[in-house]
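Q: need a 3D model of the sequence below.
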Amino acid sequence: MLLDRFVAASRHLGLCVSLKKTEALFQPSPDSTYTAPMVTIDNTPLPVADTFCYLGSRIQRTGSLDEEITAHLAQANSAFGRLRKRLWDDHGIRIDTKVAVHRAVVLRSLLYSSEAWTLYRRHIKKLNNFHMRCLHRIHKVKWQDKVPNTIILEKCGISGIEAILLRHQFRWCGHVYHMPHTRIPKLGQLPGTK
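A: Next up, the predicted model:
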């Protein structure tokens, strides 16, 4: 019913909802069993997806972040790899410059939208392993050298991934706290629901 109203309002404004590009995704509560929803537009059923990409984030029916983190790791790894010859392997560029580029390019693609993530220890471990591998590469430290991660982080003047994630989440909480009480993130529930 809500979707039909949305489609009618769109048509009233001269817009058209594409049936080819529209799909439904239903996330049940963890304690309930999954039943595929029947969502229609003008009596035409929409395909039901288990995963779809929205604003660069992969949303899964199960609510799991595994696929999202894997995709972010691939993007960050690609960004790091593209800078290998021009930046990481260049001995004429200072370490602090390399770390600044790592923060601006690699960490941004790795942690995009991380403010809203609910992470498990295994996710943090995967992200931290990648982060430390990059910093070891920037500092030209091999794993055989057995240099502790704390020393590498101190030399680079950067935090571990868990501290960076917490900072992002606390910054988002601060934004939500200062929002007007009428904004959806501040409400804690969608308007009109109980």
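
Q: contacts for the one helix or strand A8 maps to next, please.
A: When elements are assigned from DSSP states H and E, A8 belongs to helix 2-12. Here helix 2-12 makes contact (CB atoms under 8 Å, 6 or more residues apart in numbering) with C16, V17, V39, T40, I41, D42. No exception for glycine: its C-beta is placed from N, CA and C like everyone else's.

Q: do me a favour and get the end-to-end distance for stretch 146-166?
A: 27 Å (CA to CA, to the nearest Å).

Q: in that stretch, which residues are buried?
A: For stretch 146-166, burial by neighbour count (16 or more other CB atoms under 10 Å) applies to I152, L153, K155, C156, I158, G160, I161, I164, L165.

Q: just give the closest residue to the fourth one, not the sequence neighbours.
A: So the one you mean is C156. Closest residue in space to C156, ignoring its immediate chain neighbours: V99 at 4.8 Å, by CB to CB, 6 or more residues apart in numbering.

Q: again with the second one
A: Ranked by CB to CB, 6+ apart and with sequence neighbours excluded, the top spatial neighbour of L153 is G160, at 5.9 Å.

Q: could you dump stretch 119-137 to PDB, C-alpha only?
A: Included here for stretch 119-137 are C-alpha records, laid out as PDB according to Å, rounded to 0.1, in the frame of the first residue of the first chain:
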ATOM      1  CA  LEU A 119      31.100  -5.100  13.500                       C
ATOM      2  CA  TYR A 120      32.200  -8.400  15.000                       C
ATOM      3  CA  ARG A 121      35.800  -9.000  16.100                       C
ATOM      4  CA  ARG A 122      36.500 -11.000  12.900                       C
ATOM      5  CA  HIS A 123      35.600  -7.900  10.800                       C
ATOM      6  CA  ILE A 124      37.900  -5.600  12.800                       C
ATOM      7  CA  LYS A 125      40.700  -8.200  12.500                       C
ATOM      8  CA  LYS A 126      40.400  -8.400   8.700                       C
ATOM      9  CA  LEU A 127      40.300  -4.600   8.400                       C
ATOM     10  CA  ASN A 128      43.300  -4.200  10.800                       C
ATOM     11  CA  ASN A 129      45.300  -6.900   9.000                       C
ATOM     12  CA  PHE A 130      44.900  -5.000   5.800                       C
ATOM     13  CA  HIS A 131      45.700  -1.600   7.500                       C
ATOM     14  CA  MET A 132      48.900  -3.000   9.100                       C
ATOM     15  CA  ARG A 133      50.000  -4.700   5.800                       C
ATOM     16  CA  CYS A 134      49.700  -1.300   4.100                       C
ATOM     17  CA  LEU A 135      51.700   0.500   6.800                       C
ATOM     18  CA  HIS A 136      54.400  -2.200   6.800                       C
ATOM     19  CA  ARG A 137      54.700  -1.800   3.000                       C
END
